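Participant: Need a 3D model of the sequence below.
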Amino acid sequence: MKKLKNEKQGKIPHILKGLASALIITLIFIAVAAALVTYTDMAERLVTYMAFASNCISAFVCGFITSRGAKNKGALHGLFSGLLYAVILLLAVKTASKTGFMSSGVIFTLLQCILCGALGGILGINTKK
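Facilitator: Down below sits the predicted model:
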């Protein structure tokens with residue numbers, strides 16, 4: 001029982017490190033997108049593509065870092081961390097906007113983050129620690 005408790009406590013720092021890395025990457029993407037839209041004549045519709053890329057890369061990194069701290073089940077660790085990242089991201093968006101919460105965009109973002117997180121977890125579990 002004590003071993004199981006220690007294993008769970010050992011995973012939490014990796015999950016937090018993965019989430020922190022993902023959120024930092026997202027903030028960098030947001031800052032770059034804002035600067036490009038403000039200071040260049042880039043079309044605002046391209047921000048959608050940058051947001052898509054940001055979510056994919058961030059969820060992938062989150063899953064990768066989280067699963068590196070695990071001994072097995074990398075896809076599951078990546079999937080869970082991608083889901084956590086998506087929930088945090090969607091809560092931040094909901095807090096900042098006044099639009100409805102459930103839409104096809106929300107479902108797409110959840111699926112996108114879960115799949116990219118799982119892929120990051122699969123690749124992360126197979127790297128040397």
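
Participant: okay, and the helix or strand of the protein with the least pLDDT?
Facilitator: Sorted by mean pLDDT, DSSP states H and E, the helices and strands of the chain end with helix 2-39, the least confident at a mean of 81.

Participant: Packing partners of that one?
Facilitator: Under the contact criterion of 3 or more CB pairs under 8 Å, 6 or more residues apart in numbering; DSSP states H and E, helix 2-39 touches helix 46-68, helix 74-96. From N, CA and C alone the C-beta is placed, and that goes for glycine too.

Participant: how far is it from where the chain is centred?
Facilitator: Helix 2-39 has its C-alpha centroid displaced from the chain centroid by 7 Å (CA atoms, centre = their mean, to the nearest Å).

Participant: Now it: buried residues?
Facilitator: Neighbour counts using 16 or more other CB atoms under 10 Å place 11, 14-15, 17-19, 21-23, 25-26, 29, 33 of helix 2-39 among the buried residues.

Participant: can you pull the contacts of residue 63?
Facilitator: Applying CB atoms under 8 Å, 6 or more residues apart in numbering to residue 63 gives the contacts 18, 74, 77-79, 81-82, 116-121, 124.
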